[in-house]
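S.K.: can't give you the sequence, but here's the structure:
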């Protein structure tokens, strides 16, 4: 039912109702949080490249590009996996280094997968017409 609503009201749904717009919103949120962490010195300044990448991908996700959604899911998995492995490699087994990347991965991946499902269904509907 929700998928049908997403397809029928693709352009009319608000920013917090549309799957692709929600995926874009969480990507922008991630970029903002990352920027704040860089500014306060909690993470290295070289991470600004990640901000640029995620904002570029967010633009294409907003446009409904399936390749960007796939690239985002791959990037997000590698990014959170790297955070998890780096926590193990430095011997810091705190919740922020072990549990938080898994939680962030799961939450954000849900938005990315939903957006991708909508785009797949739209493509299938368009090809059947």
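M.R.: Everything's here; your move. Keep in mind it's a predicted model, so treat the numbers as computed, not measured.

S.K.: only C-alpha atoms for contact and neighbour calcs from this point on.
M.R.: Will do.

S.K.: Report how many residues lie close to residue 14.
M.R.: 12 (other Cα atoms under 10 Å).

S.K.: Then residue 84?
M.R.: What residue 84 shows, counting by other Cα under 10 Å, is a neighbour count of 19.

S.K.: cool, and residue 8?
M.R.: Going by other Cα under 10 Å, the residues that sit close to residue 8 add up to 12.

S.K.: Give me the mean pLDDT for the longest helix along the chain.
M.R.: For the chain, the longest helix by residue count, based on DSSP state H, is helix 95-128. In this model, helix 95-128 carries a mean pLDDT of 89.

S.K.: can you check stretch 41-51 too?
M.R.: On average, stretch 41-51 scores 86.

S.K.: first vs last residue of that stretch, how far apart are they?
M.R.: 15 Å (Cα to Cα, to the nearest Å).

S.K.: picking up where we left off before, now do the longest helix of the chain: distance to the chain's middle.
M.R.: Averaging C-alpha positions (Cα atoms, centre = their mean, to the nearest Å) puts helix 95-128 7 Å from its chain's average.

S.K.: Pull out the buried residues from it.
M.R.: 97-98, 101-102, 105, 108-109, 111-119, 122 (16 or more other Cα atoms under 10 Å).

S.K.: same for it, what does it pack against?
M.R.: helix 2-8, helix 19-40, helix 66-89 (3 or more Cα pairs under 8 Å, 6 or more residues apart in numbering; DSSP states H and E).
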